[in-house]
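**Student:** fold the following, please.
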Amino acid sequence: MLDLPASGKKSRSEFIAEQLEEAVIKGAIPAGSRFDETSIAAQFGVSRTPVREALHILCGRGLAEREPYKGVVVTQISAQRIDEMFEAMAELEATCGRLSSHRMTMSERAALESMHREMNALAEEGDCVGYNEINTRFHDLLFQGSRNSDLIAAAQTLRLKLAPFRKYQLKDKGRLKRSCNEHQQIVDAILDQSPKAAENALRRHLVSAAQEVLLKRQRQEDEVAKATVLDKV
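**Tutor:** So this is what the prediction gives:
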């Protein structure tokens, strides 16, 4: 049985969803595998209700889907699919950044810079959990700054699907520092009210995140393949 959060912001279902997400992204639970609610409930020492809620979260993020007569199974997430999602996210965020550069209020610009300073401190500490939480708020503020409700909705919807991958690539101190450097360029462009610079900085930032995810994924696939070969020897 794994320890669940006793209290706080995170519910049991959210905690279980996070654990299952990471296992799926790492390949520990391969595509096509069926989630067994009873086994998962026993693993976490909970009833099946939070497990069902966790699986609902996974389905909403495209990591799993419900199939007739099989239940909830892990979807096939190819490198091409990940690349396409990040490409779409890059264009959405680039557009939000371009609009936000001249539509954000002074207080919003100040808040963005303040978040950036907080993330710098967390990156130095190697606190990937705290960094990811503020990072989500940082990007959401950029969405809101666009003052375009349809654009905000589209960006938030895609961000939810990409959230597990973006969180996964930040579990590395080196990546946290690189992310901070990229954020500095974004903040500078917003403070300078430079639409083109903001657009380019956000697009580069998402490309960088995609590269990190795909490289980590490839390394893990290589490790699994190597271990399989060794097992056969």
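
**Student:** which residue is nearest the middle of the chain?
**Tutor:** Geometric centre of the chain, nearest residue: residue 163, 2.3 Å, by Cα atoms, centre = their mean.

**Student:** pLDDT below threshold where in the chain?
**Tutor:** Across the chain, the ranges flagged by pLDDT under 70 are 1-9, 224-225, 227-233.

**Student:** and for stretch 57-68, what's in contact with it?
**Tutor:** For stretch 57-68, the external contacting residues (Cβ atoms under 8 Å, 6 or more residues apart in numbering) are 13-14, 17, 20-21, 24-25, 35, 55, 72-75, 77, 160-161, 163-164. Glycine gets a C-beta too; all of them are placed from N, C-alpha and C.

**Student:** check which helix or strand covers the residue nearest to the centre of the chain.
**Tutor:** Taking DSSP states H and E as the definition, residue 163 sits inside helix 149-169.

**Student:** list the buried ones in that helix?
**Tutor:** 151-152, 154-155, 158-159, 162, 164-169 (16 or more other Cβ atoms under 10 Å).

**Student:** so for the helix or strand following that helix, what gets flagged as buried?
**Tutor:** Once the chain leaves helix 149-169, the next helix or strand it forms, by DSSP H and E, is helix 173-191. By 16+ other Cβ under 10 Å, the buried positions in helix 173-191 come out as 175-176, 178-180, 182-183, 185-187, 189-190.

**Student:** report all helices and strands that helix 173-191 contacts.
**Tutor:** On a contact count with 3 or more Cβ pairs under 8 Å, 6 or more residues apart in numbering; DSSP states H and E, helix 173-191 meets helix 79-103, helix 106-125, helix 128-144, helix 195-232.
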